[in-house]
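A.B. asks: model the structure of this input:
(3 chains)
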Amino acid sequence: MTLNSKIPDGPIEKKWDNHRFNMKLVNPANKLKYHVVVVGTGLAGASAAASLAELGYQVTALCYHESPRRAHSIAAQGGINAPKNYPNDGDSIWRLFYDTVKGGDYRAREANVYRLAQVSNNIIDQCVAQGVPFAREYGGLLDNRSFGGAQVSRTFYARGQTGQQLLLGAYAALSRQIGLGNIKFYDRREMLDLVVIDGQARGIVARNMVTGKMESYLGDAVILATGGYGNVFFLSTNAMMCNATATWRAHKRGAFFGNPCFTQIHPTCIPLSSDHQSKLTLMSESLRNSGRIWVPKAKGDKRHPNDIPEEERDYYLERLYPSFGNLVPRDVASRRAKEMCDKGHGVGATGLAVYLDFSTTIKRLGKKWVEEQYGNLFDMYKQITGEDGYQQPMRIYPAVHYTMGGLWVDYNLMSTIPGLFVLGEANFSDHGANRLGASALMQGLADGYFVIPYTMGDYLASNKFSKVDTNHGAFKDVERDLDSMTKKLMSIKGKKPVDEIHKELGKIMWDKCGMGRNEARLKEALQEIPKLREEFWNNVTITGSADSFNQELEKAHRLADFLELGELMCHDALQREESCGGHFREEHQTEEGEAKRNDEKFAFVAAWEYKGAGNAATLHKEPLTFEYVKPSQRSYK
Amino acid sequence: MSEQTMNLKLKIWRQKDKNSKGQFVTYAMPGVSPDMSFLEMLDLLNLKLVRNGEEAVAFDHDCREGICGTCSMFINGRAHGPLKGITACQLHMRTFTDGETIVIEPWRAKAFPIIKDLVVDRSAFERIMQAGGFVSVRTGGAPDGNAIPISKAVADEAMDAAACIGCGACVAACKNGSAMLFVSAKVSQLALLPQGYAERKTRVEAMVAQMDAEGFGNCSNTYACEAECPKMISVEHIARLNREYVRAKLV
Amino acid sequence: MGKPTKFLTSSVGRKITLALSGFFLCSFLVVHLVINLFALKAKPDGTGAEMFTQYGDFMATHPIIRPLEWSLFAGFLLHAVLGIFLFIKNRQARPVRYDMNRPSENSTWTSRFAWLTGILVGAFLVVHINTFFIQSRFIQHRPMIDFIKEAFASPAYVTFYMVALVFLGYHLKHGLQSAFQTLGLRVGRYEKLIDAIGVVFWLLIPIGFAIIPLYFLFAY
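C.D. replies: Down below sits the predicted model:
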């Protein structure tokens, strides 16, 4: 099978316009005859479901939460980018496009990124109209701030809760359509498999998490907006329930998986305190605007940080990157912190942390100023660690935060299975090898509000659908298979709880496929993961019953998939013999220890095809060409 | 960081499903680190239970950052536990003392039936939102975001209301199981903003009607909701809802 | 949008009705107190009560007072019946109680027990209306001042009064600001004013009422 990204012809500024004109439309009266199943109702899913229902399609939406408002989109703090150029500082669609392609280290599709930059302005307008209370200036106009090292102020925000407010906006639109009866919504349903009939995605089977029953949902097309897979690492800033099951099981039905090894590691998280921890907490990147990062010069220095004199401290980012200092991009800051800790300079009980010190700023601008800027973050830090960040430096360490990889999709956001569309973090499309700050919200809403309503219509108008219902053999087969898989899981009755095995997987992934990767360790991981998977299927223990609310069983289904996805991530990391963005292969670095891309050999999207249990996945390459943003080495010296 | 661990007793509500009769079960919980979060302590309990072949305690949780509003438990007689302005997931064990017995119960309200153990069904909130918690705009066609200036004070106040995470602590803490703080937060946010103006009459009527239909109690202005709200949403929004209601019905 | 309900069958509408009837009763309290204070002019030698008696006669006999009197009773009845009805509804909203509940950490007891202080005040009113109103109007047909002198000569009766007034104070302490909130008037900039009005009602008015029995018990 050859990959066809279906990028429209024409100059990049015209591609989306031309495409919108060329796409087929569904007659308004006929829209009611089409039925779309939307799985996942975070930013991307809720906006897609609401927009499609507004157009007149019949929509079924499902989520594994009790409410769409719980989706992890809600946790995004910083903001959402749009090149409105309200501050008159030289921003433009072109500049956002350029920044995003470059920030992604030249591993994203230009055409997709350009469209993202184009529609991002409409997102702000749409959200304002929904009643999203964006921050405003005294004159009543929208406020912007600069974020994530961008040189222009293009980030719109709602206090530190932008994700929450945007999600609540999409949720309101979704709720309105549910109330009007245009969307049938099912809560506490977890998709466990995709149903493909005559080569088309025609529905899903989901487990009713309250009754345990497998339920079939039929549609003419299926949208997955099920988020990222960062929890393969067990510890991440993702919410506890975030998982890869929907995308992975679609992958096993034929959807290619794109760039699975591209993981973003966020530098300013609260470090692990001990192995009881089950979740890491992110602190806004803005802290690096005022805090200085350092480690003791002496290895294993156990003195209290306030007792370590100035000349015995190593402000390593300021030393290595004199011009950017503490504001280097996420991937660089994260990697350097790890390097310092690996060399034995790490601090705190575990030795896996570096200091983020505000004393210079407090001396210069006063504690009150720091409180005003970052008070809530200092409070959160104190709540979690019991330490006062004003009195002594905070301890920080990088943590898994976002996955750029995901199901491969074409320009229309359709996967390699006809009729299966993938939106938001669940797809691989727009961020390349590294996502810029305030871009995740932008992409989720762009996909849901402004891309899928058009491309879905084109797909429905261009295809014929056989008349089937959920009694069709394909649905019944999947239901039966899932019941027997569940029965098998329940019957193992081994010794290890799901979380224990998940922690072991997370440790392998973090040590061997985390911030720094090399051939030897990846190969070790590829030995260890199948063994762990074997142990899971022989030694996991799940209490409770299959036909009731059972969180242990839910976790077991998810872990079964993580144990397969983790292996693919390692294969992908192993084949990508270069360093780019969040993917750092230690063999491929410059003399100064910077990421070294290999554009000649690796300017492609790695799209993996599932070949059945026990068989190696097949790698397909979608070449990436850069006509408008010429690749260059990133430098922050 | 503290090295000492605590020995605790947990008295937890266990209930098989909606229709079963529940009861309290007491668990000994040794070796609790003061640095653990409350939910991590429950994770540890569950690991122990599962290793012993006992069924894990079901409890709703997700983001563990205090923003998704999923966690919902009544800890030692308080919604989300003894501290102000935080959710249960942000509560840490250093708040408790060695030897203490901690009582953990689900939210209790007629409108929030128990699904299992500490998990309750809050879909009543969904239906209230579906009745009117929105501005009726379609995707596309929105005017420029700066077309209507909104004073900073009004935008800030709307944001105060919009900060609601829909956790239901207001209902759980209210002696009447009233949902007025939740409903008023949305009514108030959209009444403050010009975008919500056109539908303010129908919105407040529809949301109050749905709230009543769900079996929540009446507000008797004890302000327990405000005191227990993890986002410290003010009862001034309830006053605004009342004003909106008077305006819709009597003016 | 969903369908609205009728004002009087909605929770907010009922609360507003309760608040308005409460305000109406408060206005009666003021009139009642002002007239009663004239009783303080009564001297032990039997003089001084003329003004009070005049008012009493006017209240008892003038036709314009009848409809007011009936609307006052209706107001009481509405406030009491609605209050008890809402109390029952509110209990039903939580069929299973908490095993451990610490409401004192999030609310005042006057607000939580307004229903109870209301019932106690109601019980007092039954005794109070019988002692004065029913006796003087329908049974004994003597001047009101005689009933006052007789009733407040008993230390037990005065003690009963004092306790009842304490409950009235607590009821008003919650009730008044609660009514402002229910009518949507309790907002930031008026909060201080409302609190001040509250003090007048929950503290000064019960004290004013308390002076009368104490005067007749001790100074008379």
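A.B. asks: flag the shaky bits of chain B, pLDDT-wise.
C.D. replies: B:1-3 (pLDDT under 70).
A.B. asks: rerun that using 50 as the cut-off
C.D. replies: In the predicted model, chain B carries pLDDT under 50 at residues B:1-2.
A.B. asks: quick one: the strands in it, in order.
C.D. replies: B:6-14, B:23-32, B:74-75, B:78-79, B:101-105, B:114-116, B:119-120 (DSSP state E).
A.B. asks: quick check: which of those is buried the most?
C.D. replies: strand B:78-79 (a mean of 26; mean count of other C-beta atoms under 10 Å in any protein chain shown). C-beta here means a position set from N, CA and C on the backbone, and glycine is covered the same way.
A.B. asks: is it up against chain C anywhere?
C.D. replies: Yes - with C-beta under 8 Å from any C-beta of the partner chain as the criterion, chain C is reached by strand B:78-79 at residue B:78.
A.B. asks: what packs against that strand?
C.D. replies: helix B:169-173 (3 or more C-beta pairs under 8 Å, 6 or more residues apart in numbering or on different chains; DSSP states H and E).
A.B. asks: what's the spacing between the helix it packs on and its chain's center?
C.D. replies: 7 Å (C-alpha atoms, centre = their mean, to the nearest Å).
A.B. asks: return the helix or strand in chain C with minimum mean pLDDT.
C.D. replies: One helix or strand of chain C scores below all others by mean pLDDT, DSSP states H and E: helix C:50-61, with a mean of 87.
A.B. asks: quick check: mean pLDDT of the host helix or strand of residue A:396?
C.D. replies: Here residue A:396, judged by DSSP states H and E, is contained in strand A:394-403. Strand A:394-403 shows a mean pLDDT of 96.
A.B. asks: which secondary structure elements does it sit against?
C.D. replies: strand A:263-269, helix A:330-342, strand A:354-357.
A.B. asks: pick the most deeply packed of the ones you listed.
C.D. replies: Note that of those, strand A:263-269 is the most buried (mean count of other C-beta under 10 Å), with a mean of 26.
A.B. asks: residue of chain C closest to chain A, please.
C.D. replies: With C-beta to the nearest C-beta as the measure, residue C:2 is the residue of chain C nearest to chain A, at 6.9 Å.
A.B. asks: thought that residue was touching residue B:212?
C.D. replies: No - using C-beta atoms under 8 Å, residue C:2 makes no contact with residue B:212, being 10.9 Å away.
A.B. asks: any chance of a markdown table for the helices and strands packed on strand A:394-403, columns mean pLDDT and distance to chain B?
C.D. replies: Compiled in a markdown table, the helices and strands packed on strand A:394-403 are given as follows (pLDDT from 0 to 100; distance: least, C-beta to the nearest C-beta, whole Å):
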| stretch | mean pLDDT | distance to chain B |
| --- | --- | --- |
| strand A:263-269 | 94 | 11 |
| helix A:330-342 | 91 | 17 |
| strand A:354-357 | 97 | 15 |
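A.B. asks: of all the ones you listed, which lies closest to residue A:529?
C.D. replies: Nearest of the helices and strands packed on strand A:394-403 to residue A:529, taken as C-beta to C-beta: strand A:263-269 at 15.6 Å.
A.B. asks: helices and strands around that closest one, which ones?
C.D. replies: Using 3+ C-beta pairs under 8 Å, 6+ apart: strand A:263-269 touches helix A:330-342, strand A:394-403.
A.B. asks: can these go into a markdown table with extra columns for distance to residue A:350?
C.D. replies: Shown next, in a markdown table, are the helices and strands packed on strand A:263-269 (distance: least, C-beta to C-beta, whole Å):
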| stretch | distance to residue A:350 |
| --- | --- |
| helix A:330-342 | 9 |
| strand A:394-403 | 9 |
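A.B. asks: and residue 211, what pLDDT?
C.D. replies: Picked chain A for this. Per the predicted model, pLDDT is 97 at residue A:211.
A.B. asks: nope, chain C
C.D. replies: For residue C:211, pLDDT reads 95.
A.B. asks: coming back round to it: what is the helix or strand just after the least confident helix or strand of chain C packed up against?
C.D. replies: Later in the chain than helix C:50-61, the nearest helix or strand by DSSP H and E is helix C:65-92. Applying 3+ C-beta pairs under 8 Å, 6+ apart, one finds that helix C:65-92 makes contact with helix C:11-37, helix C:114-128.
A.B. asks: and helix C:65-92, what's buried?
C.D. replies: Buried residues in helix C:65-92, counted by 16 or more other C-beta atoms under 10 Å in any protein chain shown: C:72, C:75-76, C:78-80, C:82-83, C:86-87, C:89-90.
A.B. asks: do the same with stretch A:3-11
C.D. replies: Applying 16+ other C-beta under 10 Å to stretch A:3-11 flags A:3, A:5, A:7-8 as buried.
A.B. asks: wait, residue A:314 touches residue A:295, no?
C.D. replies: Yes - using C-beta under 8 Å, residue A:314 is in contact with residue A:295, at 5.5 Å.
A.B. asks: neighbours of residue C:1, how many?
C.D. replies: Neighbours of residue C:1 under the rule other C-beta atoms under 10 Å in any protein chain shown: 22.
A.B. asks: flag every residue of chain C that's near chain A.
C.D. replies: Going by C-beta under 8 Å from any C-beta, the residues of chain C near chain A are C:1-2.
A.B. asks: before we move on, the earlier item: looking at the strands of chain B, which is nearest to residue A:476?
C.D. replies: Here strand B:114-116 is closest among these (C-beta to C-beta), at 28.1 Å.
A.B. asks: run the angle between the least confident helix or strand of chain C and helix C:65-92 for me.
C.D. replies: 80 degrees (axes from the mean of the first three to the mean of the last three C-alpha atoms, to 10 degrees).
A.B. asks: now helix C:50-61: buried residues?
C.D. replies: So, applying 16+ other C-beta under 10 Å, buried residues of helix C:50-61: C:52-53, C:55-56, C:59.
A.B. asks: what about it, distance to the chain center?
C.D. replies: For helix C:50-61, the distance to the chain centre is 22 Å (C-alpha atoms, centre = their mean).
A.B. asks: test my guess that residue C:107 contacts residue B:223.
C.D. replies: Yes - applying C-beta under 8 Å, one finds residue C:107 in contact with residue B:223, separated by 6.0 Å.
A.B. asks: between residue A:314 and residue A:295, which contacts overlap?
C.D. replies: In terms of C-beta atoms under 8 Å, 6 or more residues apart in numbering or on different chains, residue A:314 and residue A:295 are both contacted by the residues A:340, A:345.
A.B. asks: what's the neighbour count on residue A:72?
C.D. replies: Residue A:72, neighbours per other C-beta under 10 Å, totals 26.
A.B. asks: ok, now residue A:379?
C.D. replies: 15.
A.B. asks: quick one: buried residues of the strand or helix carrying it?
C.D. replies: Assigned by DSSP H and E, residue A:379 belongs to helix A:367-385. Residues A:370, A:373-374, A:377-378, A:380-385 are the ones in helix A:367-385 that count as buried (16+ other C-beta under 10 Å).
A.B. asks: right, is it up against chain B?
C.D. replies: Yes - Helix A:367-385 lies within reach of chain B by C-beta under 8 Å from any C-beta, at A:380, A:383-385.
A.B. asks: for that helix, name the packing helices and strands.
C.D. replies: Judged by 3+ C-beta pairs under 8 Å, 6+ apart, helix A:367-385 is in contact with helix A:359-365.
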